[in-house]
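Asks: Got a predicted structure here, sequence first:
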Amino acid sequence: MIRKLKTLLITATVWLCLSSCSSSKVNYDPARKYSPEVLREDYSLFRKILESSHPSIYWYTSKDSMNYYFDFGYQSLRDSMTEQQFRDKLAYVISHVDCGHTSMKGSKAFGHYVDTAFSIAFPFALKFWSDTMVVTANLRRRDSILQRGTVITSINGYTAKALTDTFFNYITTDGYSINGKFQSLSTGFAFANLYKNIIGLTDSMDIRYLDEEGTERQTWVKPYDFHADTLVKKTLNQGPPARGKGKKKDKPVLFLPSINLQLDTVMKTAFMTVTSFDRSDHLRRFFKKSFRVMKKTGTRNLIIDVRSNGGGDAGLSTLLTRYIIDHPFKLADSLYTVKPPAEYKNYPGYIFFDDDLKLFHSPDQWKRVGLVSLSFERYSKWNGEGALPPKDKDTLLHVIDSVHHAGKKIRFWAAPDNGNSWRTQMNLGVDLIGTDKIQQLSEFLQEEK
């Protein structure tokens, strides 16, 4: 039975698509709750796909720890939940994989609903540091207190540290990148969405802030109501309306909240802010018009601010690079696993595998590993001349001893291919020498006897 709920699990290699009872924006009910039995069935499939196919599930978090988070998530499904509540549970687990390319999206029906529905929202966006949060945008443009740059000391009693400690459990980044989590939380209205979904909005929120003299003050704000307040979604997405009767609305390219271009005609300098490379921001048109304007005005200097950029489409960041670089450049993108250990059982027992240790192995899978082959450059940049640096030597010895302790032989590929390197590897305990110089290696081994 494929699925009562429809949630998308997006990784570098996996899409998990669970079917939905409601497939249109007309029928979608965000308050609809699904039984614990349905949620647990979906959750079990979610876990199975991650464990069997995710290429880096145990790179940064040990298997024992991931099992704890998986079990914790499963046990928390005791009551009926909405799609959003269930997705928050999954996001908590995914954040501990520490893979920035693995995240949760809502069902298509949920996406259609969000695109058309009016609702309430946390009213402003914030930039976060370890112990500080500052207003970067306010949906209520006429708010004379909580303007851009205002330092907030607490929200309903939550300090900046309390909020980051909570929300970092729901934000995915690569590895142990805390800066990445701060960046994600500070991008656009990411904080506003997390606050609404995780903590919840109240009728009125207690905001403590610092005034111009550094004195802490208190104010109360209500959630932003798109029905009642004057700034509607259309204005947010498409820029400010034109002034004057009968005038067409200005094109939005330079006025989107996440992107803008400012010109200093005296200094011949332009300031471009790009807080996202999301496709929905119409960046191709924005870049084209911006560079056309800069050329027309004789701009000589360009400062691009991407400090709050949360990423997006690599093709759009590459497009921007092409505008500012006049020579060929290289682009690095994701790498994907080819044969996960889970597939070893599909081959005859007399076949053994050359493994790179990037994925976790069960005891049965480990028995099918005949040789561990690792990139030398992963552990050292030594060029084979002189002595191997002591720090690199200690690292390589640790790796070699670990593999031997597990009962396997080891070789390194992409190692320096000369006599000094061969001798060094042999002294370290490497079992096989990889080379493109077969005759020279043969002569070297004869001399070393």
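Replies: Nice, I can see it.
Asks: mind listing the helices in the stretch 101-250 of the chain by residue range?
Replies: According to DSSP state H, counting those that start in this stretch, the stretch 101-250 of the chain carries its helices in the segments 108-116, 160-167, 178-186, 190-194, 233-238.
Asks: Find the nearest non-adjacent residue to the residue positioned nearest the centre of the chain, please.
Replies: Averaging the C-alpha coordinates of the chain gives a centre point, and the residue nearest to it by Cα atoms, centre = their mean is residue 100 (2.8 Å). Ranked by Cβ to Cβ, 6 or more residues apart in numbering and with sequence neighbours excluded, the top spatial neighbour of residue 100 is residue 174, at 4.1 Å. Where C-beta positions appear, they are placed from N, C-alpha and C, glycine not excepted.
Asks: next helix or strand past the helix or strand bottoming out on mean pLDDT in the chain?
Replies: Counting by mean pLDDT, DSSP states H and E, the chain has its least confident helix or strand at helix 233-238, which shows a mean of 36. Scanning forward in sequence from helix 233-238 by DSSP states H and E, the next helix or strand is strand 259-264.
Asks: and that next one, which strands flank it?
Replies: Note on strand 259-264: by DSSP bridges, its sheet partners are strand 269-274 (antiparallel).
Asks: next SSE after the strand it pairs with?
Replies: With elements assigned by DSSP H and E, the helix or strand that comes after strand 269-274 is helix 283-296.
Asks: and the angle from that following helix to strand 269-274?
Replies: Relative orientation of helix 283-296 and strand 269-274, computed by axes from the mean of the first three to the mean of the last three Cα atoms, to 10 degrees: 180 degrees.
Asks: For helix 283-296, buried residues please.
Replies: When neighbours are counted by 16 or more other Cβ atoms under 10 Å, the buried residues of helix 283-296 are found to be 283, 286-287, 290-291, 294.
Asks: could you redo those as JSON lines and give each row pLDDT and distance to residue 183?
Replies: Below are the buried residues of helix 283-296 laid out as JSON lines (pLDDT from 0 to 100; distance: Cβ to Cβ, whole Å):
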{"residue": "283", "pLDDT": "89", "distance to residue 183": "18"}
{"residue": "286", "pLDDT": "92", "distance to residue 183": "21"}
{"residue": "287", "pLDDT": "94", "distance to residue 183": "22"}
{"residue": "290", "pLDDT": "94", "distance to residue 183": "23"}
{"residue": "291", "pLDDT": "95", "distance to residue 183": "26"}
{"residue": "294", "pLDDT": "94", "distance to residue 183": "27"}
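Asks: Tabulate these (TSV), appending distance to residue 32.
Replies: Listed next are the buried residues of helix 283-296 as TSV, based on distance: Cβ to Cβ, whole Å:
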residue	distance to residue 32
283	35
286	38
287	41
290	44
291	47
294	50
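Asks: can you tell me which of those residues lies nearest to residue 303?
Replies: Checking the buried residues of helix 283-296 against residue 303 by Cβ to Cβ gives residue 294 as the nearest, at 11.7 Å.
Asks: Was I right to think that closest one contacts residue 303?
Replies: No - contact between residue 294 and residue 303 fails when scored by Cβ atoms under 8 Å: they sit 11.7 Å apart.
Asks: Mind telling me what element the spatially closest residue to residue 360 that is not a sequence neighbour is part of?
Replies: For residue 360, ignoring the flanking residues on the chain, the nearest one in space by Cβ to Cβ, 6+ apart is residue 58 at 4.4 Å. Using DSSP H and E, residue 58 sits in no helix or strand.
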